[in-house]
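Colleague: Pasted the sequence and its predicted model underneath.
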Amino acid sequence: MGMLNTTRNLAAPDDVYDMLIHAHEGKTKEESDAFNARLILILMNHVGDREAIAEALALAEV
């Protein structure tokens with residue numbers, strides 16, 4: 001553990017949050033869940049580091 005940067009790392013976090021919320025507009029619960037799953041897989045692929053992903057999964061369990 002300890003590879004991930006868990007401090008704020010976005011210059012405009014509210015803007016990024018708004019982008020995420022906007023991406024869900026008009027979607028059903030099922031569509032939003034599928035969107036989130038695709039987004040997570042895309043970002044995991046971008047990270048590309050198994051240990052970092054394992055750490056993120058463990059942190060998300062808390």
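Modeller: On my side now, so go ahead. Numbers count the residues shown, from 1 in each chain.
Colleague: Per-residue pLDDT of the residue in the chain sticking out farthest from the centre, please?
Modeller: Most distant residue from the mean C-alpha position of the chain: G26, 20.0 Å away (Cα atoms, centre = their mean). Among the per-residue scores, G26 shows a pLDDT of 98.
Colleague: ditto for M1
Modeller: 60.
Colleague: re the thing from before, what's the distance between the residue farthest from the centre of the chain and A11?
Modeller: 28 Å (Cβ to Cβ, to the nearest Å). (Each C-beta comes from the backbone N, C-alpha and C, glycine too.)
Colleague: separation between R8 and D14?
Modeller: Taken as Cβ to Cβ, the span from R8 to D14 is 11 Å.
Colleague: quick one: what helix or strand has E31 in it?
Modeller: Following DSSP states H and E, one finds E31 within helix 29-47.
Colleague: quick one: buried residues of that helix?
Modeller: Buried residues in helix 29-47, counted by 16 or more other Cβ atoms under 10 Å: none are found.
Colleague: who's in contact with the residue nearest the centre of the chain?
Modeller: Taking Cα atoms, centre = their mean, the centroid of the chain lies closest to I40, which sits 5.4 Å from it. With contact set as Cβ atoms under 8 Å, 6 or more residues apart in numbering, I40 has no partners.
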